[in-house]
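Undergrad: sequence first, predicted coordinates after that:
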Number of protein chains: 2
Amino acid sequence: MTLRIYGDSISGNCLKVKWTADRLGRAYEWIETSVLKAETRTPAFLAMNPAGQVPLVLLDDGRPLAQSNAIILHLAEGSDLIPADAYERARMLEWMFWEQYSHEPYVAVARFHHHYLGKPLGELDPKLFERGNGALQRLEDALEAEQFLVGGRLSLADVALVAYTRVAHEGGFDLSRYPKVQAWVARVEAALGIA
Amino acid sequence: MTLRIYGDSISGNCLKVKWTADRLGRAYEWIETSVLKAETRTPAFLAMNPAGQVPLVLLDDGRPLAQSNAIILHLAEGSDLIPADAYERARMLEWMFWEQYSHEPYVAVARFHHHYLGKPLGELDPKLFERGNGALQRLEDALEAEQFLVGGRLSLADVALVAYTRVAHEGGFDLSRYPKVQAWVARVEAALGIA
């Protein structure tokens, strides 16, 4: 059976999985699953992922796996998207956990509420912008003298962080304040063929 | 040089690292670093971890590594705390990312504001309890017929999830509503020697 990806095309978390599968030349079936239409909350979906979240994949043998970063780590095992060096691998994981804890909850959440739910930027919690800009500044600093986040080459850290950074403007963030980040987004998009 | 752990003893995220090092018989120096006293925001600390967060470790060669789950994954590489089977390993990672995204931001944050900052429970955002209880219920369901979260034995998924679950009552959560979780907490504490 082919890999099945349940994903919402407007979700950076879901696109991470698509980009990784594409980069690895992995065949898959994409099953569009809308968060806004609550298709992640149906009994059939909850039976596959009790967390009620996309992305979710069913592996070739039908077994389910959720959490975007866990999925791409699994798909990319043994590939050049994961550094062979143990310390670089650990730093990649550090970025990936930081992404879900300190970047996505601000940058992606502001975008979702503004761009998709239509809430005016001025009505969003100012903390989203304070912390979101803090996350973008941290990326800017990390990319000051680096082409990619870890080990001088594309890794899953870049895949994970680029997902919502590249659409941060849809959440009211001004990426022109972060020129190193802008250049890195273009570099990662080119490497992934999604420019 | 010995492994150095910069951690705050009141932080479950930091204790994960201590427990893992202890379980692995790994020697380390613990450097108490208080979040409440802003010791994670000094220039010296920020030079080691620009994210300004504990835990942070300096490895034997002095190189830094942050993010609790990335640290324990690195320390435990090749040990029995990480399943040998690729799918079980992926499920462990799924739980670890879910912990940081869907459990810690509610259960740990409620505890921090109530137990450490002294805010009355009634003044906390109700969303903390709604989502925190949702996370605890998901654990309860997952542990319905299982002794541990992945593969029938202790793994880093248990280490990561037990950290704030065991002190959830300090954040106003009633663990007696989740008997399977209570039994699992006792089991994991016993396995880690922290009961």
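TA: Cool, got the structure. Numbers count the residues shown, from 1 in each chain, chains lettered A, B, ... in the order given.
Undergrad: in chain A, where's the longest helix?
TA: Ordering each helix of chain A by length in residues (DSSP state H) puts helix A:126-142 first.
Undergrad: quick check: the closest residue to residue A:172 other than its chain neighbours vs residue A:107, distance?
TA: The shortest distance from residue A:172 to any non-neighbouring residue, by Cβ to Cβ, 6 or more residues apart in numbering or on different chains, is to residue A:121 (4.3 Å). From N, CA and C alone the C-beta is placed, and that goes for glycine too. Using Cβ to Cβ, to the nearest Å, residue A:121 is found at 13 Å from residue A:107.
Undergrad: between those two, which has more neighbouring residues?
TA: Neighbour count, other Cβ atoms under 10 Å in any protein chain shown: between residue A:121 and residue A:107, residue A:107 has more, with 29 against 13.
Undergrad: for the more buried one, grab phi and psi.
TA: Main-chain torsions, residue A:107, degrees, to the nearest 10: phi -70, psi -50.
Undergrad: wait, isn't it in contact with residue A:169?
TA: No. Assessed by Cβ atoms under 8 Å, residue A:107 is found out of contact with residue A:169, at 10.3 Å.
Undergrad: point out where chain A drops to low pLDDT.
TA: For chain A, no stretch has pLDDT under 70.
Undergrad: for it, which residues are neighbours of chain B?
TA: Neighbours of chain B within chain A, by Cβ under 8 Å from any Cβ of the partner chain: A:50-51, A:53, A:59, A:63, A:65-71, A:73-74, A:77, A:86-87, A:89-91, A:93-94, A:96-98, A:100-102, A:104-105, A:138, A:141-142.
Undergrad: filter those down to the buried ones.
TA: Neighbour counting with 16 or more other Cβ atoms under 10 Å in any protein chain shown marks A:51, A:53, A:59, A:65-71, A:73-74, A:89-91, A:93-94, A:96-98, A:100-102, A:104-105, A:138, A:142 as buried within the residues of chain A next to chain B.
Undergrad: strands - which of the residues you listed land there?
TA: Counted as lying in strands by DSSP state E, out of those, are A:65, A:66.
Undergrad: these two touch, right, residue A:185 and residue A:165?
TA: Yes. With contacts counted by Cβ under 8 Å, residue A:185 reaches residue A:165, the gap being 5.9 Å.
Undergrad: now do the shared contacts for the two.
TA: Common neighbours of residue A:185 and residue A:165, counting by Cβ atoms under 8 Å, 6 or more residues apart in numbering or on different chains, are residue A:175.
Undergrad: the two: which has the busier surroundings?
TA: More crowded of residue A:185 and residue A:165, by other Cβ under 10 Å: residue A:165, with 26 against 22.
Undergrad: break chain A into its domains for me.
TA: Listed by automatic domain parsing, the domain ranges of chain A are A:3-75, A:86-192.
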